[in-house]
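> Any chance you could fold what I've pasted below:
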Amino acid sequence: METRKFAITGMFCSACLSLIEKTVGKLAGIDHVDVNLLANSMTVSFDELAVTDQAIIDAVLGAGYGISAIPDCPGRFSPRIARSPSSLAERAEGRIGFRFLVSLAFSLPLGYIALAHLFGLPCIPFFHEPKHAFLFAFTQFLLVLPVVHVNRVFYIRGFKALAQGTPNMYSLVSIGSAAALMYGVWSIFAIGECLGRAEIDRAVGYTMNLYFESAAMTLTLVALGKFLESGAKRRTTDAITKLGNLRPDKATLFVGGAERNVPVETIKEGDVLVLRPGQIASVDGVITEGGGMVDVSALTSESVPVVKKVGDRIWSASVSISGLIKFKAERVGDDTMLSRIIRLVEEASASKAPISHLADRICAVFVPAVILIALGTFIAWMLAGAGLEFALSCAIAVLIISCPCAIGLATPAAIMVGTGVGAKNGVLVKTASALEIAHAVDTVVLDKTGIITAGRPTVTDVDSVCELDDNELLALAASIESHSEFPLSFAITTEAKKSGLSLLPVENFRAHPGKGVSAMIRGKMYFAGGPGFLRENGIDTTDIDPLIARYTTGGKTPFSIGGNGKALGIVAVADVIKSGSREAIFAFKKMGLDVIMLTGDNARTAEAIRRVAGISRVYPELLPDGKVEIIRRLRAAGKKIAMVGDGINDAPSLVEADIGIAIGNGTDIAIDSADFVLVRSDLRDAVFALKLGKAVIWNIRENFFWALVYNALGIPIAAGALYAFSGFRLGPVMAAAAMSLSSLSVVINALRLGLFRRKEG
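Sure, this is the predicted structure:
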């Protein structure tokens with residue numbers, strides 16, 4: 001089997017993806033077809049003896065899309081390559097946006113001219129004079145032409161899908177709008193004939209049978225929906241672009257005893273690189289000389305930088321805070337941790353199961369059935385001797401009453417209202433599919449830092465075991481730590497300032513990497529750090545050892561303070577649980593959801609947070625690929641996952657999950673990768689998001705019910721089922737009214753979602 005990759009142009013929704021996969025999949029010798037809407041690409045596995053590249057290209061071209069082969073090339077996750085999907089999505093969004101604006105510009109005056117007099121609105125008297133009936137009709141025809149022209153792609157895709165036996169929403173839109181359009185054109189000819197015979201009243205009657213505004217508004221609404229979908233797609237590709245931009249273009253290579261800047265692409269395994277404060281690691285490797293503080297939040301999202309020393313591993317996208325580090329490159333190019341994250345985001349985007357749109361499933365049966373019924377109606381009345389005009393009128397009435405306005409509005413109407421409700425309550429819905437999937441979620445996966453906890457260290461306890469009171473001990477500790485670059489030190493000095501404590505003058509400050517700090521205050525030497533560091537300096541820690549054990553078990557970081565040969569006390573620092581997190585977790589459980597926490601923290605700290613927050617399960621000490629693997633395992637077990645995160649490292653997990661929820665103060669990449677964004681950074685809003693999704697999907701099902709009820713009742717009547725018994729016939733005018741009524745009922749039902757409110761807990 002051979003595998004080829006092709007670039008596809010012209011795709012802007014899942015229907016495009018489905019049509020291409022089915023078209024290519026029908027070719028002899030095709031083993032597997034995978035179309036990636038995000039990357040605008042298609043990967044095909046096939047038997048090269050049974051099918052050629054050109055046959056595949058011809059099949060895609062025949063379906064109405066552009067295609068070109070992509071040559072095999074290494075480094076496809078480089079920033080240059082990563083940016084291309086975003087630029088393609090931006091261009092597609094611009095084209096669809098233009099199509100919608102043109103449609104709207106012509107549909108609004110068309111609708112006003114056609115309907116204003118029916119609603120008692122001011123209208124142009126000229127058009128409604130009987131002798132100008134032809135101009136009234138022909139003006140509407142001229143206004144609908146630009147709308148049809150700019151949206152001709154719907155007709156191309158819809159009729160091609162219909163011809164291939166896979167009708168979809170495009171097919172419904174095409175047939176419904178085309179039926180209205182053709183009937184309107186036929187009416188124009190009828191008006192001309194009547195005016196030629198001086199049958200003014202009959203000509204005026206035909207002006208009531210123009211459905212150009214129905215065709216135009218159907219196309220305009222669909223164009224709006226596609227514009228919103230293209231925007232969501234562009235934001236998704238932005239995440240890949242930003243991930244690619246995290247890797248620097250240059251690196252400092254140490255060779256021959258000298259340093260020189262070289263392009264990242266030239267680095268090979270075994271090269272020795274130099275990392276200074278403020279620089280970003282470009283490859284993965286192992287430290288061979290030096291050490292210092294390194295911010296690894298891009299990979300772990302943990303707020304506290306870590307101490308790195310000789311023998312420790314350093315990853316790409318890590319930022320040096322202090323110290324000079326030399327490390328040997330072990331993984332370069334596509335093998336680095338950052339490239340793996342990019343690959344996870346791209347693969348998860350491509351492999352996420354597409355939503356099975358209920359409308360498409362209905363169309364698969366509904367569209368052929370309507371066509372057959374309309375054709376059968378025409379033939380039956382012709383055979384019955386009713387005449388061409390009567391038979392055609394009945395057939396057109398069937399098509400008009402079956403126009404997909406209500407079915408097409410069922411989902412977008414509910415989603416648009418639901419999106420607005422979410423925005424008013426601090427929940428931004430980035431993708432329509434998120435609301436459709438949310439109702440099925442049974443498992444909530446939470447990142448720890450910034451989601452359950454505040455994401456910043458805070459002093460939680462101060463315990464003095466000497467003559468100093470707690471405030472005096474805190475002031476002493478803050479004075480010692482005020483010269484330290486260690487992030488937890490900032491928490492201690494901040495707490496002292498909040499308490500209004502004055503810092504003491506410090507002399508002979510010295511940092512001991514990985515151990516602690518020492519300083520002289522008022523002629524006495526003090527030490528702050530771990531208990532081992534104090535013992536190394538002759539300080540007995542017996543009095544504080546029980547406190548250290550208690551705080552460590554509770555997931556806190558204890559700072560031991562000592563001087564004059566004795567321990568003075570403990571200052572405990574921890575990333576505290578955010579306000580509302582416990583209530584949100586309780587609410588998740590009340591909804592019957594399983595709550596799981598993923599974190600890069602050690603098992604002891606993770607277990608302490610799990611216990612206090614009331615979480616069911618925790619998976620500690622995870623890197624980004626580990627988090628993704630946990631989510632994949634849960635999905636393989638049949639779980640529907642909602643992932644809540646905020647860091648760069650959460651981006652792959654947010655995309656891999658069925659629904660990604662990012663908090664508003666998280667990284668841009670996490671937000672771009674998510675389906676929901678919580679503006680208030682309150683986990684309780686994630687509860688609201690899932691409840692809103694359930695309400696929306698229920699509303700959509702109700703909308704489909706009412707839309708189909710109108711069609712089920714209206715089609716037989718439009719076909720003339722009652723005419724033989726009562727003489728009643730549902731003509732095109734009444735059919736259009738019934739169609740409008742079905743659309744109105746759908747919109748009114750969707751507006752009920754506006755009553756949905758956010759509730760705490």
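
> For residue 697, which non-adjacent residue is closest in space?
Spatial nearest neighbour of residue 697, excluding adjacent residues (Cβ to Cβ, 6 or more residues apart in numbering): residue 439 at 4.0 Å. (Glycine included, C-beta is placed from N, CA and C.)

> can you give me the helices for the stretch 151-300 of the chain?
Assigned by DSSP state H, counting those that start in this stretch, the stretch 151-300 of the chain shows helices spanning 152-163, 169-196, 200-207, 212-245, 297-300.

> can I get the ones you listed in JSON lines with mean neighbour count and mean pLDDT?
Formatted as JSON lines, the helices of the stretch 151-300 of the chain follow (neighbours: other Cβ atoms under 10 Å; pLDDT from 0 to 100):
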{"stretch": "helix 152-163", "mean neighbour count": "19", "mean pLDDT": "81"}
{"stretch": "helix 169-196", "mean neighbour count": "21", "mean pLDDT": "80"}
{"stretch": "helix 200-207", "mean neighbour count": "18", "mean pLDDT": "81"}
{"stretch": "helix 212-245", "mean neighbour count": "23", "mean pLDDT": "67"}
{"stretch": "helix 297-300", "mean neighbour count": "23", "mean pLDDT": "64"}
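
> how about these, which one is nearest residue 427?
helix 212-245 (15.4 Å; Cβ to Cβ).

> closest one to residue 327 among the helices of the stretch 151-300 of the chain?
Of the helices of the stretch 151-300 of the chain, nearest to residue 327 by Cβ to Cβ is helix 297-300, at 15.4 Å.

> So residue 154 sits against residue 221, correct?
No: if you go by Cβ atoms under 8 Å, residue 154 and residue 221 don't touch, sitting 11.3 Å apart.

> Where does the record place the domain boundaries for the protein?
2-72, 82-247+336-351, 250-334, 359-426+691-761, 428-449+578-679, 458-574 (automatic domain parsing).

> which residues touch the helix or strand harbouring residue 142?
For residue 142, the host element (DSSP states H and E) is helix 133-150. With contact meaning Cβ atoms under 8 Å, 6 or more residues apart in numbering, helix 133-150 is reached by 98-99, 102-103, 106-107, 109-110, 113-114, 126-128, 155, 177, 181, 184-185, 187-188, 191-192, 194-195, 200, 203-204, 206-207, 210, 212-213, 215-216, 219-220, 223.

> same thing but at 7 Å, please
Applying Cβ atoms under 7 Å, 6 or more residues apart in numbering, the external contacts of helix 133-150 come out as 99, 102-103, 106-107, 109-110, 113-114, 127-128, 181, 184-185, 187-188, 191-192, 195, 203-204, 207, 210, 212, 215-216, 219-220.

> how about the helices of the stretch 151-300 of the chain in a markdown table, adding distance to residue 68?
Listed next are the helices of the stretch 151-300 of the chain as a markdown table, based on distance: least, Cβ to Cβ, whole Å:
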| stretch | distance to residue 68 |
| --- | --- |
| helix 152-163 | 19 |
| helix 169-196 | 24 |
| helix 200-207 | 50 |
| helix 212-245 | 19 |
| helix 297-300 | 35 |
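
> Residue 637: neighbour count?
Residue 637 has 8 neighbouring residues, counting by other Cβ atoms under 10 Å.

> quick one: it and residue 443, what's the gap?
Distance, residue 637 to residue 443, by Cβ to Cβ, to the nearest Å: 9 Å.

> now the domains of the chain as a markdown table including distance to residue 685?
Formatted as a markdown table, the domains of the chain follow (distance: least, Cβ to Cβ, whole Å):
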| stretch | distance to residue 685 |
| --- | --- |
| domain 2-72 | 27 |
| domain 82-247+336-351 | 19 |
| domain 250-334 | 19 |
| domain 359-426+691-761 | 5 |
| domain 428-449+578-679 | 4 |
| domain 458-574 | 23 |
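
> Kindly compare burial across the ones you listed and name the winner.
Neighbour counts (mean count of other Cβ atoms under 10 Å) averaged over each of the domains of the chain peak at domain 428-449+578-679, with a mean of 22.

> follow-up on the earlier one: list the residues that contact the residue nearest to residue 697.
Residues near residue 439 by Cβ under 7 Å, 6+ apart: 693, 694, 697.

> centre of the chain versus the helix holding residue 142, how much separation?
A distance of 39 Å separates the C-alpha centroid of helix 133-150 from that of its chain, computed with Cα atoms, centre = their mean, to the nearest Å.

> and whichever strand or helix holds residue 696, how far out from the chain's middle?
Here residue 696 sits within helix 684-718, counting by DSSP H and E. Distance of helix 684-718 from the chain centroid (Cα atoms, centre = their mean) equals 22 Å.

> what sits against the closest residue to residue 325 other than its chain neighbours?
Closest residue to residue 325 apart from its sequence neighbours, by Cβ to Cβ, 6+ apart: residue 275 at 4.3 Å. Residues near residue 275 by Cβ under 7 Å, 6+ apart: 281, 320, 325, 327.

> Surely the last one is within a strand?
Yes: note on residue 327: a strand contains this position according to DSSP: H, G, I helix; E, B strand; the rest coil.

> What residues are bridge-paired with it?
residue 273, residue 287 (DSSP bridges).

> Surely it and residue 286 touch.
Yes: counting by Cβ atoms under 7 Å, residue 327 touches residue 286, with 5.9 Å between them.

> OK, contacts around the residue nearest to the spatial centre of the chain?
Geometric centre of the chain, nearest residue: residue 675, 3.2 Å, by Cα atoms, centre = their mean. Counting by Cβ under 7 Å, 6+ apart, residue 675 touches 430, 431, 434, 659, 660, 661.

> Next, the fifth one: secondary structure please.
Here residue 660 takes the strand state, with states given by three-state DSSP.

> can you pull the contacts of it?
Shown in contact with residue 660 (Cβ under 7 Å, 6+ apart): 643, 654, 673, 674, 675.

> Report the distance from stretch 521-528 to the chain centre.
Between the centre of stretch 521-528 and the centre of its host chain there is 54 Å, according to Cα atoms, centre = their mean.

> Actually, stretch 649-662.
9 Å.

> Using PDB, write down the CA coordinates of it.
The C-alpha coordinates for stretch 649-662 follow below in PDB (Å, rounded to 0.1, in the frame of the first residue of the first chain):
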ATOM      1  CA  ASN A 649       0.700  22.100  28.000                       C
ATOM      2  CA  ASP A 650      -3.100  21.700  28.100                       C
ATOM      3  CA  ALA A 651      -3.500  22.500  24.400                       C
ATOM      4  CA  PRO A 652      -3.200  18.900  23.200                       C
ATOM      5  CA  SER A 653      -5.500  17.700  25.900                       C
ATOM      6  CA  LEU A 654      -8.100  20.400  25.200                       C
ATOM      7  CA  VAL A 655      -8.200  19.300  21.500                       C
ATOM      8  CA  GLU A 656      -8.100  15.600  22.200                       C
ATOM      9  CA  ALA A 657     -11.100  15.800  24.600                       C
ATOM     10  CA  ASP A 658     -14.600  15.800  23.200                       C
ATOM     11  CA  ILE A 659     -14.900  19.300  24.600                       C
ATOM     12  CA  GLY A 660     -12.100  21.700  25.600                       C
ATOM     13  CA  ILE A 661     -12.900  24.400  28.200                       C
ATOM     14  CA  ALA A 662     -10.200  27.100  28.800                       C
END
